[in-house]
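# I would like to see how this sequence folds:
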Amino acid sequence: MLKTLQNAFKIKEIREKLLYTFFMLIVIRIGSQLPIPGVQTTFFKELFERQSNDAFGFINTITGGSLTNMSVFALSITPYITSSIIMQLLTIAIPKLEEMQREGEDGRKKIAEYTRYLTVGLALMQSVAMSVGFGGRGLLLNFNAMSVIVAVATMTAGSAMLMWIGERITEHGIGNGISIVLLFNIISSMPNDMITLYERFLSGKIVAVQVVSAIIIIAVILAMVVFVIVLQDGERRIPVQYSKKMQGRKMVGGQSTNIPLKVNTAGVIPVIFASSLMSFPVVIAGFFPVDPASIGGKILMVLRSDSWFRPEMPLYSIGMVVYVALIVVFAYFYTSITFNPLEVANNMKKSGGFIPGIRPGKPTSDYLNNILNYIVLIGVCGLIVVCLIPIIISGLFTVNQLSFGGTSLIIIVGVVLETIKAVESQMLVRNYKGFLND
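Below you'll find the model as predicted:
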């Protein structure tokens, strides 16, 4: 990785793109510290501390702390991520959008335009809900129409600007801009996590205990990173052979290729869906007084991951079983709408392709479906391991869940690998251009 960056900085064109990306990230960090006019900047920080809820913690992590600071980027790119997922699902459900996607570059530009409009709409809805719902509870210093309008306009504009910055990074920088913005937000929370680990495991201990604890912490983090890298890069390649065809007086075709099926086919989406579904009742209940000793209070404790694996209350870990089941269901569901074995088999048949030893048509579809189910099971097991390890550590040792654990770690590793591949591909293209010019 370091060697790749070192070689990239030697190339002027790529160096300029890297510097452009870096300066855009500086702009984001500055915006994350600018408070919205007329708001109580400590409101959400105090609310999160009272709730002690992992859902709030994850939201604050992906916003880079902007939400607790109530900065102009308080909503961050969460509206864009939500709108992208919605558009992806609608593309499967609405034939018109599916047709647009198949039109090539023009169709994708139209879908991207609709995604932008939906992003602004979602940002407007979220900012109105926050300003009106929390305005009278202390979020706004003066709860009136003008302060609500200012807060709504600022948060909506901030989210739209972050979306614009992400697209500019994609166009003029390196890698996927939205992913890099998300990565940068998560990484910005790491210094606080390191302080938390130090205070919990190292502070006040004798030197020998500090050394052993530090080695164990580093080993666990490195092991999880390596495991996530293997999970993200792992794939099953299905060999495909194309038969030769007669065109004029020549035989063409006959090449061999493969269909790469990623082990983690659904990425981090199942974890996000499962976490959101588990956290939604907890977030809503946080706005109302609920007696912890009541049945409702106990159900909420079951849904909260920060109460799992606690030795003093083992029954609450039942929620972990529900969480795992939801991850499995969403993994298979999301994979089923993003990869259609029947469509792939039909396209292969039309192009004269076949899998060696498998007849074209439905047998090929059934074969791909069986392989896919097996791969998804392996991938979802890996996801569950990555997500549960931080929760287990949090429960057993009473540590607040960290920004680089579980979902965030998958995002970090995925974006870093994607960005490195983007840099390497641009270096490769540049070398080809030099070869052709010579």
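# quick check, pLDDT for the residue lying closest to Gly173 once chain neighbours are set aside.
Leaving aside its chain neighbours, Gly173 sits nearest to Thr21 (3.6 Å; criterion: CB to CB, 6 or more residues apart in numbering). The C-beta positions use only the backbone N, C-alpha and C, and glycine is treated the same way. Looking at Thr21, its pLDDT stands at 87.
# which parts of the strand or helix carrying Thr21 are buried?
Secondary structure from DSSP states H and E places Thr21 in helix 12-31. Using 16 or more other CB atoms under 10 Å as the test for burial, helix 12-31 gives 14, 17-18, 20-21, 24-25, 28, 31.
# now flag whichever of these is closest to Leu182.
Leu182 lies nearest to Ile28 out of these, by CB to CB, at 10.7 Å.
# quick check: that closest one vs Thr63, distance?
For Ile28, the distance to Thr63 equals 11 Å [CB to CB, to the nearest Å].
# hey, what's in contact with both of these two?
73, 185 (CB atoms under 8 Å, 6 or more residues apart in numbering).
# related to what we said a few turns ago, can you put the buried residues of helix 12-31 in a markdown table and add distance to Pro390?
Converted to a markdown table, the buried residues of helix 12-31 look like this (distance: CB to CB, whole Å):
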| residue | distance to Pro390 |
| --- | --- |
| Ile14 | 35 |
| Lys17 | 34 |
| Leu18 | 31 |
| Tyr20 | 34 |
| Thr21 | 29 |
| Met24 | 30 |
| Leu25 | 26 |
| Ile28 | 26 |
| Gly31 | 29 |
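# which of the helices or strands spans the nearest residue to Leu326 once chain neighbours are set aside?
Closest residue to Leu326 apart from its sequence neighbours, by CB to CB, 6+ apart: Ala274 at 3.7 Å. Taking DSSP H and E as the definition, Ala274 sits inside helix 269-285.
# got the CA positions of that helix in CSV?
C-alpha atoms of helix 269-285 as CSV (Å, rounded to 0.1, in the frame of the first residue of the first chain):
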residue,chain,number,x,y,z
ILE,A,269,-25.8,-3.8,3.6
PRO,A,270,-27.3,-6.7,5.6
VAL,A,271,-25.6,-5.5,8.8
ILE,A,272,-26.9,-1.9,8.2
PHE,A,273,-30.4,-3.2,7.6
ALA,A,274,-30.3,-5.5,10.6
SER,A,275,-28.9,-2.8,12.9
SER,A,276,-31.4,-0.3,11.7
LEU,A,277,-34.3,-2.6,12.3
MET,A,278,-33.1,-3.6,15.8
SER,A,279,-32.3,0.0,16.8
PHE,A,280,-35.5,1.7,15.4
PRO,A,281,-37.7,0.8,18.4
VAL,A,282,-34.9,1.8,20.8
VAL,A,283,-34.4,5.2,19.1
ILE,A,284,-38.2,5.9,19.2
ALA,A,285,-38.5,4.8,22.8
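# mind listing what's buried along the helix or strand following that helix?
Counting by DSSP H and E, the next helix or strand C-terminal to helix 269-285 is helix 295-303. For helix 295-303, a neighbour-count test (16+ other CB under 10 Å) marks 298-303 as buried.
# of these, closest to Glu46?
Leu300 (20.1 Å).
# output the helix holding Thr21 as PDB - backbone C-alpha positions only.
Listed next in PDB are the C-alpha coordinates belonging to helix 12-31 (Å, rounded to 0.1, in the frame of the first residue of the first chain):
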ATOM      1  CA  LYS A  12       2.100  14.300 -11.800                       C
ATOM      2  CA  GLU A  13      -1.400  13.500 -13.000                       C
ATOM      3  CA  ILE A  14      -2.100  11.100 -10.100                       C
ATOM      4  CA  ARG A  15      -0.400  13.300  -7.600                       C
ATOM      5  CA  GLU A  16      -2.700  16.200  -8.500                       C
ATOM      6  CA  LYS A  17      -5.700  13.900  -8.100                       C
ATOM      7  CA  LEU A  18      -4.500  12.800  -4.700                       C
ATOM      8  CA  LEU A  19      -3.900  16.300  -3.600                       C
ATOM      9  CA  TYR A  20      -7.300  17.400  -4.800                       C
ATOM     10  CA  THR A  21      -8.900  14.600  -2.800                       C
ATOM     11  CA  PHE A  22      -6.900  15.600   0.300                       C
ATOM     12  CA  PHE A  23      -7.900  19.300   0.100                       C
ATOM     13  CA  MET A  24     -11.600  18.300  -0.400                       C
ATOM     14  CA  LEU A  25     -11.300  16.200   2.800                       C
ATOM     15  CA  ILE A  26      -9.900  19.300   4.600                       C
ATOM     16  CA  VAL A  27     -12.900  21.300   3.500                       C
ATOM     17  CA  ILE A  28     -15.200  18.500   5.000                       C
ATOM     18  CA  ARG A  29     -13.300  18.600   8.300                       C
ATOM     19  CA  ILE A  30     -13.600  22.400   8.500                       C
ATOM     20  CA  GLY A  31     -17.400  22.100   7.800                       C
END
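# skipping adjacent residues, who's closest to Val228 in space?
Here the residue nearest Val228, using CB to CB, 6+ apart, is Val413, at 4.4 Å.
# do the same with Leu75
With CB to CB, 6+ apart, the residue lying closest to Leu75 is Ser159, at 4.3 Å.
# is that neighbour in contact with Val72, as I believe?
No - between Ser159 and Val72 there is no contact under CB atoms under 8 Å: 9.3 Å.
# between those two, who's got more neighbours?
Neighbour count, other CB atoms under 10 Å: between Ser159 and Val72, Ser159 has more, with 26 against 22.
# who touches that one in this structure?
Counting by CB under 8 Å, 6+ apart, Ser159 makes contact with 73, 75-80, 119-120, 123, 127.
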